[in-house]
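Trainee: Using only what follows, build the 3D model:
(2 chains)
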Amino acid sequence: MRERRRVVVTGIGVLTPIGNDIESFWSSLMAGRSGAGPITRFDPSGMRCRIAAEVKDYHAEDHFERRELRRIDAYSQYFLVAARQAMKDSGLAFLPDDEAAARAGVMVGAGFGGMEAFIEEIRVLDTRGPDRVSPTGIPKIIANMAAGLASIEHHLLGPVSCVVTACSASANAIGDAAEIIRRGAADVMLAGGAEAAITDYAVASFGQSRALSTRNEDPTRASRPFDAGRDGFVMGEGGGALVLEERERATARGATIYAEFGGYGMSADAYHITLPRPGGAGAARAMKAAMADAGIRPADVGYINAHGTSTEANDATETAAIKIALGEHAYRVPVSSTKSMTGHVLGGAGAVEAIAAILAMMRGKLPPTINYEVADPECDLDYVPNQPREANVDWVMSNSFGFGGHNVALVFTRPS
Amino acid sequence: MDHADIESRLRDVLVSELGLDAAKINLEANFEQDLDVDSLGVVELLMAMEDEFGVKIPDEEAEHIHTVGEAVDLVHTKLNS
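Mentor: As a prediction, the model looks like this:
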């Protein structure tokens, strides 16, 4: 059998509620800084939840021309900004007639897509009628447009697509992109995802489903994954992007290699539209599949960046899943949820957190779970509480689960 | 409203609403070729003209607008008929 093509990470970029580039993101992770606060995007008065982790100091006009902004929803903007960082970081640039450009693609994950534009356009339809609806509304709304725009901007002419699996979407995007390189359909994939859903509608609807924290008076302490006092997630927004590259290609051009892609596992709960299957067997299957794909044993896993949403159901179920997947090693492996700081970036979370896990491995420091104060008997693992920790780890895992019962685990390792 | 008024207001709309390059706007400027307005942009242009001048521009009349001057003429005709 032909040896499997190997995939490495040669570029990374983020736009998050705790930092608009890799270094500021990292310093916030290490400082245990929360990105949450009162919602400023709209007036949340009267809503159950009035807090979120918004991206800060982001001015669209600094990144896009005014004409472009008529056509590009914040969701796509967030991905494109992260993607520019990742592409620049990788040192790769393609020209429209490059043969190499045909071997490069994009895979983006999104939970919703252009939700702001969708809401705005429906309001125009209802208040001003069909003749006032924008011709650029649909292109702003559709979830795949971030991938299309990135392909246009960076001249990526190969496989370009989009995954829409709620909060596991960008983890799926990274895994799918790696698979595309492995099977030889591309040599370079820009992969990741984004979300910009801090809108009145989404906050109202998530609020109605009782998924959001209502710790409105204390926003920076509202996202408290695995803590006994957790009462729901805090919505975040932003995006993350990675440049995945076939290993020999990256080595031949002398690229800086951050990590090697190790494995990709996915499974379904096949249980409920929003709740995880109790007991964690579904999520555990994804984690086992990722370890099998990477060819490692549970004891090799040195750090898990958990999905850790701070909902009662997720954190208990994920804890159970980690125990099923890792056995006794579950009690030895550090597990943290960076959502305690970033909030829940939904479709962008998988990419942001894969990057957090890769940085932790590269830099030998594990980001903490902040706001961890009171132990929950159902959550009895080592959650790296409140302080970052030095650790020399060779394999890291990042979990992402989504409404609909999607479970995804990604594994990365040090470049060899 | 005379041609000059319409031109001045249309220019403002093209720049502020549609984000077109003010330096390139003149009566002879072709929307597609000189101002980089694509098919979606043409629809936005028509909507912006309708909003600004309170006129209705059916598709069959819109087809004849290629330049800024033609847009000014069309609005002038509609406002004075």
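
Trainee: so what's A:Gly239 up against?
Mentor: Counting by CB atoms under 8 Å, 6 or more residues apart in numbering or on different chains, A:Gly239 makes contact with A:14-16, A:75, A:78-79, A:81-83, A:170, A:192-195, A:345, A:348, A:351-352. Where C-beta positions appear, they are placed from N, C-alpha and C, glycine not excepted.

Trainee: again, 7 Å this time
Mentor: Under the criterion of CB atoms under 7 Å, 6 or more residues apart in numbering or on different chains, the neighbours of A:Gly239 are A:Leu15, A:Tyr78, A:Phe79, A:Ala82, A:Gly192, A:Gly193, A:Ala194, A:Gly348, A:Ala351.

Trainee: element containing the residue most central in space within chain B, please.
Mentor: What sits nearest the mean C-alpha location of chain B, by CA atoms, centre = their mean, is B:Ala71, with 4.3 Å. Element membership of B:Ala71, judged by DSSP states H and E, is helix B:68-79.

Trainee: show me the contacts for the residue in the stretch 301-416 of chain A that chain B sits nearest to.
Mentor: Going by CB to the nearest CB, chain B is nearest to A:Gly347 of the stretch 301-416 of chain A, at 25.6 Å. A:Gly347 is in contact with A:Gly109, A:Ala110, A:Gly111, A:Phe112, A:Ala166, A:Cys167, A:Ala169, A:Ser170, A:Gly193, A:Ala194, A:Glu195, counting by CB under 7 Å, 6+ apart.

Trainee: Quickly check: the least confident helix or strand in chain A by mean pLDDT near chain B or not.
Mentor: The weakest-scoring helix or strand in chain A, judged by mean pLDDT, DSSP states H and E, is helix A:66-69 (a mean of 91). Yes: using CB under 7 Å from any CB of the partner chain, helix A:66-69 reaches chain B at A:Arg66, A:Arg67.

Trainee: name the helices or strands packed onto whichever helix or strand comes after that helix?
Mentor: Sequence order places helix A:74-90 as the next helix or strand after helix A:66-69, per DSSP H and E. Packing partners of helix A:74-90 (3 or more CB pairs under 7 Å, 6 or more residues apart in numbering or on different chains; DSSP states H and E): strand A:7-15, helix A:60-63, helix A:145-154, strand A:188-195, strand A:238-246.

Trainee: out of the ones you listed, nearest to B:Ile57?
Mentor: Each of the helices and strands packed on helix A:74-90 has some distance to B:Ile57 by CB to CB; the shortest is helix A:145-154, at 28.4 Å.

Trainee: do the closest one and chain B meet at all?
Mentor: No: judged by CB under 7 Å from any CB, helix A:145-154 stays clear of chain B, getting no closer than 13.1 Å.

Trainee: got the contact list for that helix?
Mentor: Residues contacting helix A:145-154 (CB under 7 Å, 6+ apart): A:72, A:75-76, A:79-80, A:83, A:87, A:94, A:106-108, A:110, A:114, A:139, A:156, A:160-162, A:190, A:194.

Trainee: buried ones in that helix?
Mentor: Buried residues in helix A:145-154, counted by 16 or more other CB atoms under 10 Å in any protein chain shown: A:Met145, A:Ala146, A:Ala147, A:Gly148, A:Leu149, A:Ala150, A:Ser151, A:His154.

Trainee: pLDDT score for residue 10?
Mentor: With no chain named, the answer covers chain A. At A:Thr10 the predicted local distance difference test score is 98.

Trainee: switch to chain B, that's the one I care about
Mentor: 97.

Trainee: Equivalent analysis for A:Arg2, please.
Mentor: 67.

Trainee: One more: the one 4 residues further on?
Mentor: Here the pLDDT value assigned to A:Arg6 is 98.

Trainee: can you pull the contacts of it?
Mentor: Counting by CB under 7 Å, 6+ apart, A:Arg6 has contacts A:Arg247, A:Glu260.

Trainee: how much space between it and chain B?
Mentor: The gap separating A:Arg6 from chain B is 42 Å, by CB to the nearest CB, to the nearest Å.

Trainee: separation between that residue and A:Arg103?
Mentor: 16 Å (CB to CB, to the nearest Å).

Trainee: same deal with A:Ser170?
Mentor: 22 Å.

Trainee: Over to A:Tyr78?
Mentor: 26 Å.

Trainee: before we move on, the earlier item: neighbour-wise, give me the winner out of the contacts of A:Gly347.
Mentor: A:Gly193 (42 neighbours; other CB atoms under 10 Å in any protein chain shown).

Trainee: Which pLDDT does the model give that residue?
Mentor: 98.

Trainee: cool, and A:Ala292?
Mentor: With respect to pLDDT, A:Ala292 has a value of 98.

Trainee: how much space between it and chain B?
Mentor: 47 Å.

Trainee: Show me which residues of the helix or strand encompassing that residue are buried.
Mentor: For A:Ala292, the enclosing helix or strand under DSSP H and E is helix A:281-294. Buried positions in helix A:281-294, judged by neighbour count with 16+ other CB under 10 Å: A:281-291, A:293-294.

Trainee: What of stretch A:404-416?
Mentor: Applying 16+ other CB under 10 Å to stretch A:404-416 flags A:Gly404, A:Gly405, A:His406, A:Asn407, A:Val408, A:Ala409, A:Leu410, A:Val411, A:Phe412, A:Thr413, A:Arg414, A:Pro415 as buried.

Trainee: beta partners for the fourth one?
Mentor: Spelled out, that is A:Asn407. A:Ser267, A:Phe401 (DSSP bridges).

Trainee: Residue ranges of each domain in chain A, please.
Mentor: Domains of chain A are assigned by automatic domain parsing as A:8-252, A:265-405.
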